[in-house]
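Trainee: Give me a model of this one.
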Amino acid sequence: MTPTAVATIAGLEIRQRIRSTRWIVTAVLLFALVSMLVLGSLYLAVGVVGASYRGWAENLLDIVLGVVLFLGFAAAPTLSATSINGDRRDATLALVQATPISSWDLALGKLLGSWLSSLALIGVALPYLIWGVVSSRTSIGYGVLAVVVLAAIMACYCAIGLGFSALTTRPAASAMLTQAGVLLLLIGLPIAFGFSYPLTAQNHSVLVAQRDYTEDSSVPSCRLVEQDKEFNHTERSWWLLAPNPVLLVSDVLAAGDDAARDGRGTGIAGMLARLQSSARIGPDVRDETCGDLYVRTDDRNMSVRIGDSWFIGLAVTIALGAGGLWTAARRLRVPAGPLPRGVRVA
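Mentor: All right, here's what the predicted structure looks like:
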């Protein structure tokens with residue numbers, strides 16, 4: 001791998017996207033859209049609902065990251081999904097392949113160019129991200145880490161799009177496959193987790209604490225009754241939620257919020273991270289005691305795994321991105337082997 005060659009290809013990719021003034025108009029429109037959503041949420045929360053500004057500001061980082069994530073789902077994969085087959089269709093890819101630049105230099109350069117272009121979305125929202133990091137209930141370190149993780153996710157999605165662009169001959173097909181892959185991580189896997197929920201059910205014989213009301217006493221006593229109860233062992237299928245980008249970023253934010261880790265978090269990220277933590281630890285299969293009638297420990301147990309799952313989801317996402325990059329580099333090797341029908345060579 002030659003850093004100069006990678007930088008050259010990345011520069012060509014970026015220049016190809018900014019050679020007209022349309023990118024300036026796009027950036028202005030994106031900033032206007034982000035501003036409208038952020039300031040609109042401020043108006044709804046403070047002006048309509050009557051919530052305090054402080055309460056809204058503490059959730060601002062969650063809102064901005066959610067907006068950037070939503071826009072990034074559409075932008076990041078699309079930027080690379082037509083990078084290889086589009087150049088092959090225009091007969092410009094073969095000219096680069098005829099140079100001493102290796103297939104890995106070419107693939108890494110195209111990935112870097114697409115990723116840097118997608119980071120413009122974070123740059124557009126940077127004022128609101130700084131505002132959100134400073135005012136969030138999450139520590140500044142974890143707030144910055146959440147932005148870095150978001151950028152890494154966008155790089156992985158660009159790599160996935162690059163892999164599909166190398167596998168297919170038509171740019172429209174690779175764009176559709178890339179969007180389908182991103183939607184699988186965003187929506188498909190949580191749906192699969194929901195469908196698998198009944199399959200995780202298992203009966204356990206446990207002691208259940210019950211109040212025993214008698215006629216000669218105004219204070220009920222307690223008795224332990226053995227019962228067969230059904231528990232859903234979500235710890236066996238929680239991994240389906242790990243690569244979900246929304247839960248991944250939420251877990252990073254909640255990791256820096258002491259209230260969320262103690263089960264007292266009320267923010268958007270804290271609630272989502274709490275749900276994922278509950279799914280990961282599974283049910284509390286144990287014999288109850290009479291003390292459970294008065295003191296419940298479920299809320300505390302649900303928050304045990306908050307902040308412990310995001311790096312697993314990030315590792316899965318990086319593995320998928322690495323697979324896409326490897327596929328692209330392998331398909332760009334010359335001399336090429338058997339090519340699909342309709343592929344332009346030069």
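
Trainee: quick one, what contacts the residue nearest to Pro198 when sequence neighbours are not counted?
Mentor: Spatial nearest neighbour of Pro198, chain neighbours left out: Asn232 (7.8 Å); criterion: CB to CB, 6 or more residues apart in numbering. All C-beta atoms are positioned from the backbone trio N, CA, C, and that covers glycine. By CB atoms under 8 Å, 6 or more residues apart in numbering, the contact set of Asn232 is 197-198, 200-202, 282-283.

Trainee: at 6 Å instead, please
Mentor: 197, 200-201 (CB atoms under 6 Å, 6 or more residues apart in numbering).

Trainee: swap in Phe31?
Mentor: Contacts of Phe31 (CB under 6 Å, 6+ apart): Val124.

Trainee: Same question for the one 3 residues further on.
Mentor: For Val34, the set of contacting residues under the criterion of CB under 6 Å, 6+ apart consists of 67, 125.

Trainee: swap the cut-off to 7 Å and go again
Mentor: 67, 124-125, 128 (CB atoms under 7 Å, 6 or more residues apart in numbering).

Trainee: Check the gap between it and Gly132 for me.
Mentor: 11 Å (CB to CB, to the nearest Å).

Trainee: got it, and Val206?
Mentor: From Val206 to Gly132 the distance is 44 Å (CB to CB).

Trainee: between the two, who's got more neighbours?
Mentor: With neighbours defined as other CB atoms under 10 Å, Val206 and Gly132 compare such that Gly132 has more, 25 against 17.

Trainee: Just to be sure, the more buried one is in a helix?
Mentor: Yes - assigned with DSSP: H, G, I helix; E, B strand; the rest coil, Gly132 falls within a helix.

Trainee: between the contacts of Val34, which is closest to Arg137?
Mentor: Distance to Arg137 across the contacts of Val34 (CB to CB) is lowest for Tyr128, with 16.5 Å.

Trainee: what's near enough to touch that closest one?
Mentor: 34, 38, 64.

Trainee: What residues of stretch 178-197 count as buried?
Mentor: Along stretch 178-197, these residues count as buried under the neighbour rule (16 or more other CB atoms under 10 Å): 178-179, 181-182, 185-186, 189, 193.

Trainee: for those, which one is nearest Leu44?
Mentor: Distances from Leu44 to those, taken by CB to CB, are shortest for Leu186, at 24.7 Å.

Trainee: In the helix or strand hosting Ala7, which residues are buried?
Mentor: In this assignment (DSSP states H and E), Ala7 forms part of helix 3-18. Residues 5-6, 8-10, 13-14, 17 are the ones in helix 3-18 that count as buried (16+ other CB under 10 Å).

Trainee: Strands along the stretch 101-250 of the chain, start to end?
Mentor: 201-212, 221-232 (DSSP state E, counting those that start in this stretch).

Trainee: so where's the longest helix in the protein?
Mentor: helix 140-167 (DSSP state H).

Trainee: Can you spell out which helices and strands pack onto it?
Mentor: For helix 140-167, the packing partners by 3 or more CB pairs under 7 Å, 6 or more residues apart in numbering; DSSP states H and E come out as helix 60-81, helix 83-89, helix 103-118, helix 126-135, helix 171-183, helix 245-255, helix 310-331.

Trainee: Show me what the fifth one is packed against.
Mentor: The one in question is helix 171-183. Going by 3+ CB pairs under 7 Å, 6+ apart, helix 171-183 lies up against helix 60-81, helix 83-89, helix 140-167.

Trainee: buried set for the last one?
Mentor: By neighbour count on 16+ other CB under 10 Å, the buried set for helix 140-167 is 142-143, 145-147, 149-167.

Trainee: Dihedrals phi and psi, the residue lying closest to Gly141 once chain neighbours are set aside?
Mentor: Excluding the flanking residues, the one nearest Gly141 by CB to CB, 6+ apart is Gly256, at 6.5 Å. Main-chain torsions, Gly256, degrees, to the nearest 10: phi -100, psi 10.

Trainee: Okay, Gly256 and Asn244: tell me how far apart.
Mentor: Gly256 is 19 Å from Asn244, by CB to CB.

Trainee: do the same with Asp87
Mentor: 32 Å.

Trainee: one step back: let's have the contacts of Val34 in TSV, adding pLDDT.
Mentor: Shown next, in TSV, are the contacts of Val34 (pLDDT from 0 to 100):
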residue	pLDDT
Val67	90
Val124	91
Ala125	92
Tyr128	93
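
Trainee: before we move on, the earlier item: between the longest helix of the chain and helix 310-331, how big is the angle?
Mentor: Angle, helix 140-167 to helix 310-331, by axes from the mean of the first three to the mean of the last three CA atoms, to 10 degrees: 30 degrees.

Trainee: Tell me, please, where in the stretch 1-150 of the chain the pLDDT is lower than the cut-off.
Mentor: 19-21 (pLDDT under 70).

Trainee: State the number of residues packed around Leu106.
Mentor: Neighbours of Leu106 (other CB under 10 Å): 24.
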